[in-house]
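output the structure for:
(one chain, ligands or ions: 1)
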Amino acid sequence: MKIEEYGNPSAETVLIQPVDEHDLSGIKIELEEIRNLTDTDFCLWALRIEDWNRDLSPWKAPAVFGNEDFGSGAEETLREILGLCDDRSRSYVIGGYSLAGLFALWAAWQTVVFDAVAAASPSVWFPGFADYIGDRMPGCDRIYLSLGDKEEKARNPVMATVGDRIRELYDDLGSKGTDRILEWNPGNHFKDPAIRSAKAFAWVLNRGGSKRVASKQISFPHGFSTRYGGVSSGIFTSLNLGMNRGDDAECVKENYKRFFRACGIESESFVCGRQVHGNNVMIVDEKAAKEPYGYKELFEADGYVTNTPGVPLVVFTADCIPLLLADEKNRVIASVHSGWRGTVQDIERQAVDKMQRLGAEKEYIKACIGPAIGKCCFEVGGEVIEAIKDLLNEDASDLYSVKENGKYMLDLKNVVKRCLLRSGVKEENIEIIDECTMCMPQKYWSHRYNGGERGSQAAVIMIPGEKTR
Ligand SMILES: [Zn+2]
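As a prediction, this is how the structure comes out:
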């Protein structure tokens, strides 16, 4: 298999596309169109396929058009591709047009190596494909599908089923919680394959790189993790950063490496602890940083503050609020785990106070309230509302609503914002990431959505520069 490499050879994301001569003749157009549609850096490996119908078919099937039967070479082709995907710090995406799109989809049910599939006008009419997928989950969490709007009008009766098959696949992926799209392009199967392939890869690129959600105003290395782009499997698919939840320690370690890299952090050690829904915010330095995988003697705390460069501060969440704080002028940072219990114990004030102790000034503190359960989903009992009222000691009626069942829907993100304001952080320096973890279970771990069967998000922040001794 010959590989033609395009784009940035050292880009983190590698797009892998089996191609024939016709695809190669349009590759410049495809690359240009990908660049038009996304800012994400990428490398594209075009794999020249010798015998298209043999090398990309998962199993033998009689000829559907012309008189050339389909072979069963996909397994061998996939084995060769997987041999190329040996750098675990990179993100691999498989995609292609027509039978290569079908091959990419098939591969997603064979392996968890690929982060996403970009299938443009895939040959999902391929006999037996729907049965092959059945109830099984794909090994990746993002799948792009497209079809030309005239393709199902094909005269060939097998190929004419392509519309029904792709709609079924789209619905099936939805029921499995996969992040997916079905895009209808104008024209028949042979129209604009280069453009259509580019749209497929661009969607994946725009959807991906999403290991990390970032603040718009904090420039120190930092990020909030998502479920995308990790190596864990099963209930931990794919970016689990929780260490004591039963996931394989090597996978978690690799996930940290990937997530940290996306945040601009190279360190392998970091500060984290056993979170106990309290309000203890610890002032730490490099001595508290360790490689904590499998480490049992973690201290109990729900927040950390440091002015030491090169020390990443990590908190874990899966519905609770991850809060990152930074006074970049005085170079003091904090990361905080703020569930409702920590919030009503005013952990925000603890964090701001301790930052000031290390030289931070309130007017320079920027705060980012990360992805967490929103008012849309956060049902609580009256005792929580009473505790919030006690905490704020002011009218809080805009922060919750009463339900018919006597329960309440609580806007915890804005409670935290109110706490920050009361601690002296300026309103224009407080940012809220709107996304609700429970509404977006494909993108985020949600304790309420998944129950205990889940991984964890991490939020991290670090002061750049050399470690001081
Ligand atoms: Zn929600």
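
can we go C-alpha only for contacts and neighbour counts from here?
Will do.

next helix or strand past the worst-scoring helix or strand of the chain on mean pLDDT?
When each helix and strand of the chain is scored by mean pLDDT, DSSP states H and E, strand 212-213 comes last, with a mean of 81. The helix or strand immediately downstream of strand 212-213 is strand 222-225, counting by DSSP states H and E.

buried residues in the very next helix or strand once past that following strand, which are they?
Using DSSP H and E, the helix or strand that follows strand 222-225 towards the C-terminus is helix 249-263. By 16 or more other Cα atoms under 10 Å, the buried positions in helix 249-263 come out as 249, 251-263.

what stretches of the stretch 251-400 of the chain score poorly on pLDDT?
With pLDDT under 70 as the threshold, the stretch 251-400 of the chain has low-confidence stretches at 294-297.

what residues does it have near the ion?
374, 376, 377 (Cα under 5 Å from the ion).

are any of the residues you listed buried, and which?
The buried subset of those (16+ other Cα under 10 Å) comprises 374, 377.

picking that back up, partners of the least confident helix or strand of the chain in the sheet?
Using DSSP bridges, strand 212-213 pairs in its sheet with strand 222-225 (antiparallel).

wait, doesn't residue 125 sit right on residue 159?
Yes. Using Cα atoms under 8 Å, residue 125 makes contact with residue 159 at a distance of 5.7 Å.

mind listing the residues bridging to residue 432?
Per DSSP bridges, the residues bridged to residue 432 are residue 369.

hmm, who's touching the least confident helix or strand of the chain?
Contacts of strand 212-213 with the rest of the structure, by Cα atoms under 8 Å, 6 or more residues apart in numbering, involve 223, 224, 225, 226, 259, 262, 263.

can you rerun that using 10 Å?
222-229, 258-263, 370-371, 433, 458-459 (Cα atoms under 10 Å, 6 or more residues apart in numbering).

hmm, back to that, identify the contacts common to residue 125 and residue 159.
Common neighbours of residue 125 and residue 159, using Cα under 10 Å, 6+ apart, are 64, 152, 165.

from these, which are also near the ion?
Answer for these near the ion: none qualify (Cα under 5 Å from the ion).

tell me the one among those nearest to the ion.
The ion has its nearest neighbour among these in residue 165, at 31.7 Å by Cα to the ion.

now the most far-flung residue of the chain relative to its centre: which helix or strand?
Largest separation from the mean C-alpha position in the chain: residue 67, at 43.8 Å (Cα atoms, centre = their mean). According to DSSP H and E, residue 67 maps onto no helix or strand at all.

how about residue 105?
Going by DSSP H and E, residue 105 is part of helix 99-108.

just checking, what packs against that helix?
strand 13-19, helix 52-55, helix 74-84, strand 91-97, strand 114-120, helix 129-133, strand 142-148 (3 or more Cα pairs under 10 Å, 6 or more residues apart in numbering; DSSP states H and E).

show me the contact partners of the third one.
Spelled out, that is helix 74-84. Contacts of helix 74-84 (Cα under 10 Å, 6+ apart): 1, 16, 18, 47, 49, 52-59, 92, 94, 100, 103-104, 106-107, 110-111, 113-114.

buried ones in that helix?
By neighbour count on 16+ other Cα under 10 Å, the buried set for helix 74-84 is 74, 75, 77, 78, 81.

tell me the angle that helix makes with strand 13-19.
Relative orientation of helix 74-84 and strand 13-19, computed by axes from the mean of the first three to the mean of the last three Cα atoms, to 10 degrees: 150 degrees.

tell me the angle helix 74-84 makes with helix 99-108.
70 degrees.

and the helices in the stretch 251-400 of the chain?
Ranges of helices in the stretch 251-400 of the chain, per DSSP state H, counting those that start in this stretch, are 340-344, 347-357, 382-392.

tabulate those helices (JSON lines), appending mean neighbour count.
Output for the helices of the stretch 251-400 of the chain, formatted as JSON lines (neighbours: other Cα atoms under 10 Å):
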{"stretch": "helix 340-344", "mean neighbour count": "22"}
{"stretch": "helix 347-357", "mean neighbour count": "22"}
{"stretch": "helix 382-392", "mean neighbour count": "16"}
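
the residue most central in space within the chain and residue 138, how far apart?
Residue closest to the average C-alpha location in the chain (Cα atoms, centre = their mean): residue 228, at 2.7 Å. Distance of residue 228 to residue 138, computed by Cα to Cα, to the nearest Å: 14 Å.

spit out the residues that contact these two alike.
Residues within reach of residue 228 and of residue 138 at once, by Cα under 10 Å, 6+ apart, are residue 116.

ok, now how distant is the residue of the stretch 201-350 of the chain found nearest the ion from residue 137?
Nearest residue of the stretch 201-350 of the chain to the ion (Cα to the ion) works out as residue 319 at 9.8 Å. According to Cα to Cα, residue 319 and residue 137 sit 24 Å apart.

the two - which one has more neighbours?
Set side by side, residue 319 and residue 137 show more neighbours around residue 319, with 26 against 16, by other Cα atoms under 10 Å.

tell me the SS of the closest residue to residue 98 other than its chain neighbours?
Counting by Cα to Cα, 6 or more residues apart in numbering, residue 98 lies nearest to residue 122, which is 4.3 Å off, once chain neighbours are set aside. Reduced to three states with DSSP: H, G, I helix; E, B strand; the rest coil, the structure at residue 122 is coil.

what's the answer for residue 156, then?
Going by three-state DSSP: residue 156 is coil.

still on that earlier bit, which one among the buried residues of helix 249-263 gets closest to residue 357?
residue 263 (26.8 Å; Cα to Cα).

I'd say residue 239 and residue 224 touch.
No. The pair residue 239 and residue 224 fails to qualify as a contact (Cα atoms under 10 Å) at a distance of 11.7 Å.

so what sits against both of the two?
211, 259, 457, 458.

quick check, nearest of the residues you listed to residue 86?
residue 259 (17.9 Å).

ok, now how distant is the closest residue to the closest one other than its chain neighbours from residue 454?
Nearest-residue entry for residue 259: residue 211, 6.2 Å, with adjacent residues in sequence omitted and distances by Cα to Cα, 6+ apart. As defined by Cα to Cα, residue 211 lies at a distance of 17 Å from residue 454.

do residue 113 as well
Residue 113 is 20 Å from residue 454, where distance means Cα to Cα.

and the strands in the stretch 351-469 of the chain?
Assigned by DSSP state E, counting those that start in this stretch, the stretch 351-469 of the chain shows strands spanning 365-369, 379-380, 400-402, 408-410, 430-432, 457-461.

mean neighbour count added to the ones you listed, as a markdown table?
Formatted as a markdown table, those follow (neighbours: other Cα under 10 Å):
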| stretch | mean neighbour count |
| --- | --- |
| strand 365-369 | 25 |
| strand 379-380 | 18 |
| strand 400-402 | 16 |
| strand 408-410 | 22 |
| strand 430-432 | 18 |
| strand 457-461 | 28 |
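
circling back to that earlier point, quickly note the distance from the residue nearest to residue 98 to the ion.
Computed as Cα to the ion, to the nearest Å, the residue 122 to the ion distance reads 34 Å.
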